[in-house]
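Peer 1: sharing a sequence plus its predicted fold:
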Amino acid sequence: MTALTLSTAAAPGLRADAIVIGVGKGGKGPVVAPGADAVDKAYDGRLAGVLETLGASGAEGEITKLPAPAGFKAPLVLAVGLGAEPEEGEAYGAEALRRAAGVAARALTGAKKAAFALPLADAADAGAIAEGALLGAYSFDAYKGSAKDAKAGGKAPLGEATLLGGKPRDKEYKAAVERALAVTEELNRARDLINTPPNDLDPEAFAAVAQTAAKEHGIKVEVLDVKALEKGGYGGILGVGAGSAAGPRLVKLSYTNAKASKHLAFVGKGITYDSGGISLKPAGHNETMKCDMSGAAAVFAAVVAAARLGLEVNVTGWLALAENMPSGSATRPGDVLRMYSGKTVEVLNTDAEGRLVLADALWAASAEKPDAIVDVATLTGAMVLALGSRTFGVMANDDAFRAAIVDAAEEVGEPSWPMPLPEHLRKGMDSPTADIANMGERMGGGLVAGLFLREFVGEGITWAHVDIAGPAFNEGGPFGYTPKGGTGSAVRTLVRLAELTAAGDLG
């Protein structure tokens, strides 16, 4: 993990491999952003012109490298585009800073130390830059030879990020950096889990990771194995895992704070590999299905982060873990499962399995009567068709709660969109055989899935469903602080929800 420090040192005298500065996109060309004053002065105030000559415009994510001026101990200046220059009297937003820091950290792979001289006016800016740098420096190299080989080849992540203008002895600045460290370390752990091949991360292995982390951070953990699931009547989880040699698990993580007055429950879909089961996915649709446990990874990371931050709210995480495989023992289309709630479900498509494991976990979470439940899942391709690959959809049984989640997501820089739960779509899941079918109308499939899940939320409990099928796994090139592969989508939103609840600002 990249080290993080705050410094009041001046850029010229700091020993580093590079000085990172920000460049805005002005009406008449690039504009040097606040924080880079010392660098601009060393160029006799002509840095913007030099950058423009080199082709820089200040567009978001743009990178321009130039030799550091005489007298600087760092050999390189790396200018990163911040996007449109703010209006007079306004500042660059937190997300612009996050993305710029992330782009710079990726560009400096192999460097030992970089000094970030980006716009930094307060502790919140320090936290945003820290998050961006730590998330942007992420790499997953566990299966690419040794770390020593990576370092020798210049491919090791940025070793240290120093935030210039930060106040190392100021309580607010220290708290912002500590928060960034806790959140990004857990988010990056979620990314590691998502990127781990399914032959090394089955439900039992995932549960073991959760147990180790829980012990380290004082979180109570309970793992229900196949025997316990059978005894408890968890028909949904068992039905999905029936075709795999790797048995399913239900993991409960409980973080409690003596000063807490509210209780949040987070429920995560954890299909460690999804072949589709008997309703087998075609070639071209199953190669990245190791990521189908991204919801459980997000929930796990959020609970651990809440514990590390000592938030004054009780948070329970439920990880519904199973592997969906075809075999002679697998659930068939047409089978009826008796769920943990007692309801029966006719399985029309075994590739609509996420809602089955979530249904059992939602009912288990409801039994504790939390103040609110949020489930997170890579649930439907329909949501990707609706919102694309970078935005998650939010549904809820309470409009105000849905709006609060969307607002929290926007605050931390995660694109989201409120989605409805149209009542007329519920009828499509009527079954002549069981209480409900796991499939309904094809059009609006993401909304149908939300309506199915709502059936398994306890009466009177505020609930929201977050479908991260689009942004959970980035199959394209890296951008901002987002890498190729597992992204850790929804972790920061869940943590922010917990913070708002602890502060009494949510419900």
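Peer 2: Cool, the structure landed. Numbering: from 1, shown residues only.
Peer 1: can you tell me the closest non-neighbouring residue to residue 419?
Peer 2: Nearest non-adjacent residue to residue 419, counting by CB to CB, 6 or more residues apart in numbering: residue 393, 4.3 Å away. All C-beta atoms are positioned from the backbone trio N, CA, C, and that covers glycine.
Peer 1: the one you found belongs to a helix?
Peer 2: No. Counting by DSSP: H, G, I helix; E, B strand; the rest coil, residue 393 is located in no helix; its state is strand.
Peer 1: any idea how many residues pack against it?
Peer 2: By the measure other CB atoms under 10 Å, the count of residues near residue 393 is 27.
Peer 1: and it, what does it touch?
Peer 2: 383, 386-387, 416-419, 446, 466-467 (CB atoms under 8 Å, 6 or more residues apart in numbering).
Peer 1: format those residues as a markdown table; extra columns: neighbour count, secondary structure and distance to residue 328.
Peer 2: Converted to a markdown table, the contacts of residue 393 look like this (neighbours: other CB atoms under 10 Å; DSSP: H, G, I helix; E, B strand; the rest coil; distance: CB to CB, whole Å):
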| residue | neighbour count | secondary structure | distance to residue 328 |
| --- | --- | --- | --- |
| 383 | 27 | helix | 33 |
| 386 | 19 | helix | 37 |
| 387 | 20 | helix | 38 |
| 416 | 24 | strand | 41 |
| 417 | 14 | strand | 42 |
| 418 | 14 | strand | 43 |
| 419 | 23 | coil | 38 |
| 446 | 21 | helix | 32 |
| 466 | 31 | strand | 35 |
| 467 | 33 | strand | 32 |
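Peer 1: where in the stretch 401-507 of the chain is pLDDT low?
Peer 2: For the stretch 401-507 of the chain, applying pLDDT under 70 flags the ranges 507.
Peer 1: mind putting the contacts of residue 393 into CSV with distance to residue 350?
Peer 2: As requested, these are arranged in CSV below (distance: CB to CB, whole Å):
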residue, distance to residue 350
383, 19
386, 23
387, 25
416, 29
417, 29
418, 30
419, 25
446, 19
466, 23
467, 19
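Peer 1: can you show me the helices along the stretch 1-150 of the chain?
Peer 2: Using DSSP state H, counting those that start in this stretch, the helices of the stretch 1-150 of the chain run over residues 37-42, 47-53, 94-107, 123-136, 147-152.
Peer 1: could you list the low-pLDDT ranges of the stretch 151-300 of the chain?
Peer 2: 151-154.
Peer 1: report the contact partners of the residue lying closest to residue 59 once chain neighbours are set aside.
Peer 2: Nearest non-adjacent residue to residue 59, counting by CB to CB, 6+ apart: residue 81, 4.7 Å away. Counting by CB under 8 Å, 6+ apart, residue 81 touches 22-25, 56-63, 100, 103.
Peer 1: most neighbours among the residues you listed, please name it.
Peer 2: Neighbour tally across these (other CB under 10 Å): the maximum, 35 neighbours, falls on residue 100.
Peer 1: list the contacts of that residue.
Peer 2: 22, 60-61, 80-82, 118, 132.
Peer 1: what of residue 3?
Peer 2: Neighbour list for residue 3: 159-161 [criterion: CB under 8 Å, 6+ apart].
Peer 1: now, the residues you listed that are in strands?
Peer 2: 160-161 (DSSP state E).
Peer 1: possible to save the contacts of residue 3 as TSV with distance to residue 405 and neighbour count?
Peer 2: What follows is the contacts of residue 3, written out as TSV (distance: CB to CB, whole Å; neighbours: other CB atoms under 10 Å):
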residue	distance to residue 405	neighbour count
159	36	17
160	35	17
161	30	27
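Peer 1: of the helices of the stretch 1-150 of the chain, which is nearest residue 362?
Peer 2: Closest approach to residue 362 among the helices of the stretch 1-150 of the chain (CB to CB): helix 123-136, 29.8 Å.
Peer 1: returning to what we had before: from the contacts of residue 393, which single one is nearest residue 426?
Peer 2: Closest to residue 426, out of all of the contacts of residue 393 and judged by CB to CB, is residue 446, at 14.3 Å.
Peer 1: that closest one reaches residue 420, doesn't it?
Peer 2: No. Using CB atoms under 8 Å, residue 446 is not in contact with residue 420; the gap is 10.4 Å.
Peer 1: what about the strands in the stretch 301-450 of the chain?
Peer 2: Taking DSSP state E, counting those that start in this stretch to define them, one finds strands in the stretch 301-450 of the chain at 314-324, 336-338, 344-346, 372-377, 392-396, 416-418, 436-437.
Peer 1: turn those into JSON lines, including distance to residue 187.
Peer 2: Shown next, in JSON lines, are these (distance: least, CB to CB, whole Å):
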{"stretch": "strand 314-324", "distance to residue 187": "15"}
{"stretch": "strand 336-338", "distance to residue 187": "34"}
{"stretch": "strand 344-346", "distance to residue 187": "33"}
{"stretch": "strand 372-377", "distance to residue 187": "13"}
{"stretch": "strand 392-396", "distance to residue 187": "15"}
{"stretch": "strand 416-418", "distance to residue 187": "16"}
{"stretch": "strand 436-437", "distance to residue 187": "35"}
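Peer 1: among these, which is nearest residue 37?
Peer 2: strand 416-418 (36.5 Å).
Peer 1: can you name every helix or strand that that closest one contacts?
Peer 2: The contact analysis (3 or more CB pairs under 8 Å, 6 or more residues apart in numbering; DSSP states H and E) places strand 416-418 against strand 392-396, helix 399-412.
Peer 1: quick one, which of the ones you listed is packed in tightest?
Peer 2: With neighbours defined as mean count of other CB atoms under 10 Å, the helices and strands packed on strand 416-418 peak in mean count at strand 392-396, which reaches a mean of 26.
Peer 1: any idea of the angle that one forms with helix 399-412?
Peer 2: Strand 392-396 runs at 150 degrees relative to helix 399-412, counting by axes from the mean of the first three to the mean of the last three CA atoms, to 10 degrees.
Peer 1: and strand 392-396, how far out from the chain middle?
Peer 2: On the basis of CA atoms, centre = their mean, to the nearest Å, strand 392-396 sits 15 Å off its chain's mean C-alpha point.
Peer 1: repeat for stretch 212-219
Peer 2: Averaged C-alpha coordinates place stretch 212-219 at 20 Å from its chain's average position (CA atoms, centre = their mean).
Peer 1: run through the residues that contact residue 468.
Peer 2: Residue 468 makes contacts with 294-295, 298, 376-378, 392, 489-490, as judged by CB under 8 Å, 6+ apart.
Peer 1: need the next SSE after the helix or strand harbouring residue 182, C-terminal direction.
Peer 2: Using DSSP states H and E, residue 182 sits in helix 171-195. Downstream of helix 171-195, the first helix or strand assigned by DSSP H and E is helix 203-216.
Peer 1: what's the helix or strand following that following helix in contact with?
Peer 2: Downstream of helix 203-216, the next assigned helix or strand under DSSP H and E is strand 220-224. In this structure, residues lying in contact with strand 220-224 by CB under 8 Å, 6+ apart are 207, 210-211, 214-215, 232, 234, 249-256.
Peer 1: leaving out sequence neighbours, find the closest residue to residue 297.
Peer 2: residue 190 (4.0 Å).
Peer 1: got it, and residue 427?
Peer 2: residue 440 is the one closest to residue 427 (CB to CB, 6+ apart), at 7.9 Å.
Peer 1: surely the one you found is in contact with residue 451?
Peer 2: Yes. Residue 440 sits in contact with residue 451 when judged by CB under 8 Å, with a separation of 7.4 Å.
Peer 1: which residues do these two both contact?
Peer 2: 425-426, 429.
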